[in-house]
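Visitor: the sequence and its predicted three-dimensional model are supplied below.
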Amino acid sequence: MTWIEDLARRADAVLPDYVSAYYHSHAGDGSCDREGIADWNAFRLRPTVLRDASAQDLTSEVLGTPVAAPILVAPMAQQVGARPEGEVLTAQGAAKAGTLLGVSTNTGARFEDIAAQGAPWWYQVYVARNRDATRLLVERAAAARARALILTVDTTPLGREVPAIDPRNWPEGPRKNRTANLTAEELERFGKDTDMALDLTPDTIGWLAEVSGLPVVCKGVLTARDARRCVDAGAEGIIVSTHGGRRLGTSVTSAYALPEILAEVGGEVEVHVDSGVRGGAQAAAALALGAKAVHVGRPVMWGLAADGADGVADVLATYQAELVTTLRQMGIGSVKDLRPADVVTRVSR
Ligand SMILES: Cc1cc2nc3c(=O)[nH]c(=O)nc-3n(C[C@H](O)[C@H](O)[C@H](O)COP(=O)(O)O)c2cc1C
């Protein structure tokens, strides 16, 4: 069993069944989720010898923000299901690890409380059917020092996340999904119109940038053509993602999509990647191919559930330590020195 599988078991042991099922859930038959993990292992690294690898430097920058390592926390909903403080603890863990976190639209924590933990953060946007609700949220996120917006674009149509109970049907109490960044009066007024809009177009990117004054990064892109459409519409970054295999169960994996997207827009904007990256060696392959950063999802959630902020920090520190070991074994002194030639592609095509 890997350390992440062991951590997942510890998390499952403390969580109600409906919460752990939701965290594990995937679309379709789960093949995109499973193969999404396997495909990262299908990249093989090419170690070199007789190079000075006595020290490793992981420091990097994402959209101008310095981070201790290019391993970030993916935005995830329903973190209050893991711990009542939710993202406040995740932000504490990220701060300890010197990195940045994504904060979901569906967060039960207040932006100000998350920001107060000291970690840089990006706000993930699900555009609401009523754009005024989204305008309020992004204005509030910007006021609470979010440094960028992650526009999640893989929402049309929603894949079924099975097997799990939709969080809207979770029992009442602290684990219940709630949006803490709209007032009760606003929630009442917008009603069902805070549900996700399914009619997004590339114009949404410019509108969000204008409303927030922040750079917009598009998350959930899996083809070069869509990456081009996003960048032409003003996106300053792309996150290659299958949403952790939670959207289209039969879609290509992130490992499959990353090279073609890098070839199309990698010279113009930052390209990040997530879904199924289960360790520092796998992160090294993604970075060598040209990804600017890797985002980690479920392992962070399991760390949060099992051990709170320390658990989050431990997960991130373990990825960082594995990345150091991998670089050392490859004969490389800095993440910035990783090159596509350091990887052999064996992903099935
Ligand atoms: C429980 C859970 C909730 C998530 N909620 C969101 C969300 O609200 N917005 C979003 O853009 N992505 C969401 N994601 C997807 C993550 O941001 C990320 O793409 C994915 O988890 C990465 O894959 P991994 O879990 O295999 O690391 C969620 C993922 C999980 C597991």
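Guide: Structure received.
Visitor: and the strand or helix carrying D226, what does it pack against?
Guide: D226 belongs to helix 224-232 when assigned by DSSP states H and E. Helix 224-232 sits against strand 216-221, strand 237-240, helix 254-265, with contacts defined as 3 or more Cβ pairs under 8 Å, 6 or more residues apart in numbering; DSSP states H and E. Every C-beta, even on glycine, is put in place using the N, C-alpha and C of the backbone.
Visitor: could I have the shortest one exported to CSV, CA atoms only?
Guide: This points to strand 237-240. As requested, the backbone C-alpha atoms of strand 237-240 are provided in CSV (Å, rounded to 0.1, in the frame of the first residue of the first chain):
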residue,chain,number,x,y,z
GLY,A,237,-3.1,30.3,-17.5
ILE,A,238,-4.5,26.9,-18.2
ILE,A,239,-5.0,24.0,-15.7
VAL,A,240,-5.1,20.7,-17.6
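Visitor: ok, and what's touching that strand?
Guide: The contact list for strand 237-240 (Cβ atoms under 8 Å, 6 or more residues apart in numbering) reads 63, 148, 150, 215-222, 227, 230-231, 254, 257-258, 261, 265, 269-275, 291-292, 295.
Visitor: partner strands of it and their direction?
Guide: Its sheet considered, strand 237-240 pairs with strand 216-221 (parallel), strand 270-274 (parallel) by DSSP bridges.
Visitor: wondering if the shortest one reaches the ligand at all.
Guide: Which is strand 270-274. Yes - looking at strand 270-274 against the ligand by Cβ under 6 Å from any ligand atom, the contacts come from D274.
Visitor: I'd say R46 and T345 touch.
Guide: No - R46 lies out of contact with T345 (Cβ atoms under 8 Å); the separation is 11.2 Å.
Visitor: averaged pLDDT, the helix or strand containing A21. What do you get?
Guide: Following DSSP H and E, one finds A21 within helix 17-24. Averaging pLDDT along helix 17-24 yields 91.
Visitor: which strands and helices sit next to the next helix or strand after that helix?
Guide: Remark: after helix 17-24, the chain's next helix or strand is strand 26-27, criterion DSSP H and E. Packing partners of strand 26-27 (3+ Cβ pairs under 8 Å, 6+ apart): helix 31-41, strand 161-162.
Visitor: pull up the pairing partners for strand 26-27, direction included.
Guide: strand 161-162 (antiparallel).
Visitor: so for the strand it pairs with, mean pLDDT?
Guide: pLDDT averaged over strand 161-162 gives 58.
Visitor: could you identify the helix or strand that succeeds that strand?
Guide: By DSSP H and E, the next helix or strand past strand 161-162 is helix 184-190.
Visitor: now the angle from the helix holding D226 to strand 216-221?
Guide: Angle of helix 224-232 versus strand 216-221, following axes from the mean of the first three to the mean of the last three Cα atoms, to 10 degrees, is 170 degrees.
Visitor: which residues are contacting helix 224-232?
Guide: 153, 202, 205, 218, 221, 238, 260-261, 263-265, 268-269, 271.
Visitor: Q124 - that's part of a helix, no?
Guide: No - according to DSSP: H, G, I helix; E, B strand; the rest coil, Q124 belongs to no helix; its state is strand.
Visitor: for it, give me its contacts.
Guide: Here Q124 is in contact with P75, G102, V103, S104, T105, L149, I150, T152, K219 (criterion: Cβ under 8 Å, 6+ apart).
Visitor: okay, the residues you listed in JSON lines with secondary structure next?
Guide: Listed next are the contacts of Q124 as JSON lines, based on three-state DSSP:
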{"residue": "P75", "secondary structure": "coil"}
{"residue": "G102", "secondary structure": "strand"}
{"residue": "V103", "secondary structure": "strand"}
{"residue": "S104", "secondary structure": "coil"}
{"residue": "T105", "secondary structure": "coil"}
{"residue": "L149", "secondary structure": "strand"}
{"residue": "I150", "secondary structure": "strand"}
{"residue": "T152", "secondary structure": "strand"}
{"residue": "K219", "secondary structure": "strand"}
